[in-house]
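Q: Following is a predicted model, sequence given first.
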Amino acid sequence: MKSHCHSVASSLLKSSLYGVGLLLLQSSNVFAQTANTAALPEGQKVYMATCNNCHKADAGVGAPGYLVLAQMPPRAIFAALETGKMRVQAKELTTEQRKAVAQWLTGKVMKDSPIPKEAYEPFTLTASKSPVIQHSGWGGNLEGTGYRSAQQAGISAETVGKLKLKWAFAFPEANQVRSKPAIVGNWLIVGSQFGEVYCLNKQSGKIGWRFLAKSAIRGAISVVQNRDGLRAFFCDNNTNVYALDVTTGKLLWESKTGQHPQSGNTGSVAVYDDKVYVPLTSIEVASVLDPTYPCCSSSGEIVALDARSGKAIWRHRVIADEAKVAGKRKDGSAFYGPSGAIVWSSPTVDAKRGLLYYGTGENYTSPATTTSDAIQALDLKTGKLVWSFQATRDDTWNLACPGNPNCPEKVGPDYDFGMAPILVKQPGGRDLLVVGQKAGIVYGLSPDNGNVVWQTRIGHGGALGGIHWGMASDGKLVYAANADNKYGINPKVDSLIKPSPGLFALDVTTGHVVWKTPAPSCDGKKDCLEANSAAPTVIPGVVFAGALDGHLRAYSTADGKILWDYDTVKPYQTVNGIDGKGGAIDGPSPVISDGMLFVNSGYGMFGEMPGNVLLAFEVEK
């Protein structure tokens, strides 16, 4: 999800599009024009002809400059050109030209990082008293609560202080780790930045099998057991949905869900009643950095597939009308619309009501629609819209803002719902749908009609502020991570509303703040941001939340006191023999099962600290 990005955001953050910080000044001799272009390396020639107009420091379009790109892994640049956000701009380049650009920019040869044979072991499901599927999907259950019972967790407030690192697994050449693992028996299944899906032994971290998808896996892996056996489902950033046999890692089917050429995926799929529900966003939000790009025509979507065959059952467009010419840009070219209202988040299943809930993002262009920055409910069987709650009107924004001709005339705040809605049963027995917005507001909604039961502001909010990736609930309190930080807040918000990054606990019945724990100081750590953006996980007595400073912390659910704190920002000796390093913790929540805790570390986007590890902790005996 953006979140969940989640959504991409504001002026500084535009320059961080590929996981880097502010634009750096370029060395004048790097791009000195020369009449003898034949003497230039192939990658530099292609870059100068295709990329430099937008990526030079004075281009004014917010794209990262040369020295910023040079710090990235070559494989990350290649992936952006091949299947990622820059695939439109690079569509005329050959694979070899894209590779040459990546290698020239970074000064590194792009090569496969071989994993030694010792990092593998045979896949076998061991007998256990626990259910075979121990964790699946974004929130761990259909309701998306992020809650684990004491029996499921095997960790308590009394034992949390004894958590020790057991192993670290490094994703080759990655600079961000954002896929959330499923747990099946004694195995984890997790995706990666470059499309690899690994099945790892949860005790040893060794690889049982490996599958290669066509593009980045950004969401959680969902696993179900049906009459055909154990099946894993996930979507890649090019909107290809896959079904794998869990016991072998073999592909059962693959289905392309996006129809618009700019369609993408960030949110996790949800699987229920032999259907796979797929949320679709759009990379037009970044394609607009090219001032010649005809902006904009995509819409957020939810697509339902048959879980046994991969065939489409229904398709719902968040914006019902197809885009058409809707005005003139400042340079005289046409603006198209309506567009946007993308779906960054994972959908949530309400089996009792037969509904599917999800959040939407901003419109890319005018005219604004009533379906942007909204929570919506669809009929699970037909995909028909049942109700819609819009929190922010007239939010038109894209990464071209400000200055680029593709920026709409009215520049909105970019107040997406990037998190997956949470369906909570309150202490009195009534259901409540709880959602958080980047505006810094948490809402309690009626799941029957979307009416507001309560709303509570917990922060200043902004393009990368407020509630980003999610919340968690134990049925009594809802735990919200607030991402307010010096880069992502909205300068147009009332200055009396102060940024308040940290973790909040709200009474699920009233919305009243019960406690809040501010994000601790970075204490001078380089490239560190003091904020909580990643989704939390809760067990009885303890809520776990990762932070942009790279720390994973356990908080008391009673008063927010920090019970355990682990700094993940360090090098690791990994079980698969690949260089590993921790970084910012953003995106999905930790996964907890049978006395073990698993967390991603590394998020090289938006000026955050890059990293490439999955860490496994165990309660020390």
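A: Right, received. Where do you want to start? Residues are numbered from 1 along each chain as shown.
Q: For the stretch 351-500 of the chain, just list every one of the strands.
A: For the stretch 351-500 of the chain, strands defined by DSSP state E, counting those that start in this stretch occupy the ranges 355-359, 363-365, 374-379, 385-390, 422-425, 431-436, 441-445, 452-457, 471-473, 477-482.
Q: just those: most buried one?
A: Here the criterion is mean neighbour count by mean count of other Cβ atoms under 10 Å, and of these the winner is strand 363-365, at a mean of 30. For glycine as for every other residue, the C-beta is placed from the backbone atoms N, C-alpha and C.
Q: Which strands or helices does it pack on?
A: Contacts defined by 3 or more Cβ pairs under 8 Å, 6 or more residues apart in numbering; DSSP states H and E place strand 363-365 against strand 334-337, strand 339-340.
Q: how far is the shortest one from where the chain is centred?
A: Centroid separation for strand 339-340 versus its chain: 19 Å, with Cα atoms, centre = their mean, to the nearest Å.
Q: What lies in contact with the helix or strand just after it?
A: Per DSSP states H and E, the first helix or strand lying C-terminal to strand 339-340 is strand 348-350. Identification of contacts with strand 348-350 by Cβ atoms under 8 Å, 6 or more residues apart in numbering yields 139, 142-144, 270, 272, 277, 355-358, 377, 380, 420-423, 431, 447.
Q: I'd like the average pLDDT over strand 348-350.
A: Mean pLDDT, strand 348-350: 98.
Q: for stretch 253-261, same thing?
A: Stretch 253-261 shows a mean pLDDT of 96.
Q: domain parsing for the protein?
A: 11-106, 117-619 (automatic domain parsing).
Q: For those domains, which has the smallest mean pLDDT value?
A: domain 11-106 (a mean of 63).
Q: hang on, the earlier thing: switch the helices and strands packed on strand 363-365 over to JSON lines; also include distance to Arg457 and mean neighbour count.
A: Output for the helices and strands packed on strand 363-365, formatted as JSON lines (distance: least, Cβ to Cβ, whole Å; neighbours: other Cβ atoms under 10 Å):
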{"stretch": "strand 334-337", "distance to Arg457": "30", "mean neighbour count": "20"}
{"stretch": "strand 339-340", "distance to Arg457": "25", "mean neighbour count": "34"}
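Q: Out of those strands, flag the one nearest Glu82.
A: strand 339-340 (24.9 Å; Cβ to Cβ).
Q: show me what contacts the closest residue to Gly450 other than its chain neighbours?
A: Leaving out its chain neighbours, the residue that sits closest to Gly450 by Cβ to Cβ, 6 or more residues apart in numbering is Phe389, at 3.8 Å. By Cβ under 8 Å, 6+ apart, the residues touching Phe389 are 374-376, 443, 445, 450-452.
Q: Now for those: which two are most distant?
A: Maximum pairwise distance among the contacts of Phe389 (Cβ to Cβ): 14.7 Å, between Gln376 and Val452.
Q: Report the separation between the nearest residue to Val325 once chain neighbours are set aside and Thr95.
A: Distances taken as Cβ to Cβ, 6+ apart place Ala334 nearest to Val325, at 4.8 Å, with adjacent residues excluded. Applying Cβ to Cβ, to the nearest Å, the value for Ala334 to Thr95 is 33 Å.
Q: Helices of the protein, residue ranges please.
A: Ranges of helices in the chain, per DSSP state H, are 11-14, 42-50, 52-55, 66-69, 74-82, 95-106, 150-153, 284-287.
Q: Pro590 is nearest to which of these?
A: helix 150-153 (10.7 Å).
Q: in the closest one, what counts as buried?
A: 152-153 (16 or more other Cβ atoms under 10 Å).
Q: Other residues contacting it?
A: Helix 150-153 has contacts (Cβ under 8 Å, 6+ apart) with 134, 156, 539-540, 592-595.
Q: out of the domains of the chain, deepest packed?
A: domain 117-619 (a mean of 22).
Q: Compute the first-to-last residue distance for that one.
A: 29 Å (Cα to Cα, to the nearest Å).
Q: Please compute how far it lies from its chain's middle.
A: Distance, centroid of domain 117-619 to centroid of chain: 5 Å (Cα atoms, centre = their mean).
Q: Hmm, Gly340 is touching Glu301, no?
A: No - taking contacts as Cβ atoms under 8 Å, Gly340 lies outside contact range of Glu301: 11.8 Å.
Q: Ser192: which of the strands of the stretch 351-500 of the chain is closest?
A: Ser192 sits nearest to strand 477-482 of all these, at 23.5 Å, using Cβ to Cβ.
Q: Please enumerate residues in contact with that closest one?
A: 422, 424, 434, 436, 440, 442, 458-459, 465-473, 500-508, 514, 531-536, 538, 543, 545, 557.
Q: cutoff 7 Å now
A: Identification of contacts with strand 477-482 by Cβ atoms under 7 Å, 6 or more residues apart in numbering yields 422, 424, 434, 436, 440, 442, 458-459, 466-467, 471-473, 500-508, 514, 532-536, 538, 543, 545, 557.
Q: Over to stretch 490-497?
A: Everything outside stretch 490-497 that qualifies as a contact, by Cβ under 7 Å, 6+ apart, is 413, 460-463, 465.
Q: how about 6 Å then?
A: 413, 460-462 (Cβ atoms under 6 Å, 6 or more residues apart in numbering).
Q: In JSON lines, list those residues along with distance to Ala400.
A: Shown next, in JSON lines, are the contacts of stretch 490-497 (distance: Cβ to Cβ, whole Å):
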{"residue": "Pro413", "distance to Ala400": "16"}
{"residue": "His460", "distance to Ala400": "24"}
{"residue": "Gly461", "distance to Ala400": "22"}
{"residue": "Gly462", "distance to Ala400": "18"}
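Q: With adjacent residues omitted, what lies nearest to Asn485?
A: Nearest non-adjacent residue to Asn485, counting by Cβ to Cβ, 6+ apart: Ala531, 4.1 Å away.
Q: mind listing what Pro338 touches?
A: Pro338 neighbours (Cβ under 6 Å, 6+ apart): 319, 367, 369.
Q: at 10 Å instead, please
A: Contacts for Pro338 were tallied using Cβ atoms under 10 Å, 6 or more residues apart in numbering; they are 296-297, 299, 318-324, 326, 363-369, 371-372, 396.
Q: residues in contact with Glu173?
A: 73-76, 78-79, 108, 110-113, 192-194, 578-579, 612.
Q: hmm, try it at 8 Å
A: Contact partners of Glu173, counting by Cβ under 8 Å, 6+ apart, are 73-76, 113, 194, 612.
Q: ok, now Arg393?
A: Counted by Cβ under 8 Å, 6+ apart, Arg393 has contacts 368, 370, 373.
Q: hang on, isn't the second one packed against Ala391?
A: No - assessed by Cβ under 8 Å, Thr370 is found out of contact with Ala391, at 11.4 Å.
Q: Show me the one of the strands of the stretch 351-500 of the chain that comes nearest Val88.
A: Going by Cβ to Cβ, the one of those nearest Val88 is strand 363-365, 14.3 Å.
Q: quick one: Lys476 and Thr510 touch, right?
A: No - if you go by Cβ under 8 Å, Lys476 and Thr510 don't touch, sitting 11.4 Å apart.
Q: Overlap in contacts, the two.
A: Where contact means Cβ under 8 Å, 6+ apart, no residue is in contact with each of Lys476 and Thr510.
Q: Could I get the contacting residues of Asp321?
A: So Asp321 contacts Pro338 (Cβ under 8 Å, 6+ apart).
Q: Likewise for the one 4 residues further on?
A: Residues touching Val325, when contacts are defined by Cβ under 8 Å, 6+ apart, comprise 334-336.
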